[in-house]
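Colleague: quick one: sequence plus predicted model below, questions after.
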Amino acid sequence: MLIIEFMNSQRRLFSQYVVVLSLIIISLGCASIPTDPQKFSSEVKNIQENFTVEGKFKLSYMDSKETGYFALRKEGNTVSLNIGKSYLLPEKVVILDRRETLNINEFIENNNLPYNLPILRVESFLELLLGIESKDLQDEEMGIETTIKGSDDYPSEVTLLYRDLNLLMIVKKIWKN
């Protein structure tokens, strides 16, 4: 009888330690580690180089707003644009040649707008994200605002304004591939 009671107490003690140990492991595994603010690679000087840009976007039009993230990867003449609304949902992947055009509708989930959105040359879009002035975009009927914070070489925010559409792209990282 004494042996059975001893075994039962050992089992309870062991199960309590397992629960406590599991809670410690889970809490340490889910802890976020603060990182330094994202730094930009100043090595990317023009759109002929291979580079990657990561950031977030906020699209406001009429009475609706859409937010999400984007990752743009340029290798050679191929530009891959991944657009996601949430990290839990699948991304939309758009693969273009840098000499093609990009429709702003790619950022919008619902494409039922009463007017056509501007179509940008992919090269002009890349120049925008790198902070290079584009002659093509100056001729369009769209407004462009860029914000450079601190001593960065690249814009931290790029805003495209067209009628009642406002596309804000917040650039988090730029680096050379």
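Modeller: Looks like it arrived, so ask away. Numbering: from 1, shown residues only.

Colleague: just name the shakiest helix or strand of this structure by mean pLDDT.
Modeller: Sorting the helices and strands of the chain by mean pLDDT, DSSP states H and E puts helix 135-139 at the bottom, at a mean of 63.

Colleague: I'd like the next helix or strand past it.
Modeller: strand 143-147 (DSSP states H and E).

Colleague: what does that following strand rub up against?
Modeller: Residues outside strand 143-147 that contact it (CB atoms under 8 Å, 6 or more residues apart in numbering): Leu128, Gly131, Leu137, Gln138, Pro155, Ser156, Glu157, Val158, Thr159, Leu160, Leu161, Tyr162. No exception for glycine: its C-beta is placed from N, CA and C like everyone else's.

Colleague: the second one reaches Lys149, doesn't it?
Modeller: Put plainly, it is Gly131. No - checked against CB atoms under 8 Å, the pair Gly131 and Lys149 is beyond contact range at 11.8 Å.

Colleague: which stretches of the chain form helices?
Modeller: Applying DSSP state H to the chain gives helices spanning 2-29, 122-130, 135-139.

Colleague: weakest of the ones you listed by average pLDDT?
Modeller: Among those, helix 135-139 has the lowest mean pLDDT, at a mean of 63.

Colleague: now the strands for the protein?
Modeller: All strands of the chain, identified by DSSP state E, fall at 51-61, 64-75, 78-84, 92-97, 101-103, 119-121, 143-147, 157-162, 165-176.

Colleague: identify the residues contacting Thr52.
Modeller: When contacts are counted by CB under 8 Å, 6+ apart, Thr52 touches Ala71, Leu72, Arg73, Lys74, Lys173, Ile174, Trp175, Asn177.

Colleague: actually, Pro118.
Modeller: Ile104, Glu140, Glu141, Met142, Leu160, Tyr162.

Colleague: ranking the residues you listed by neighbours, who comes first?
Modeller: Top of these by neighbour number is Leu160, holding 23 neighbours under the definition other CB atoms under 10 Å.

Colleague: and it, what are its bridge partners?
Modeller: In this entry, Leu160 is beta-bridged to Ile144, Leu167, by DSSP bridges.

Colleague: and if you look at Lys74?
Modeller: Phe51, Val79.

Colleague: give the contact list for it.
Modeller: Ile47, Glu49, Asn50, Phe51, Thr52, Ser80, Arg98, Leu126, Asn177.
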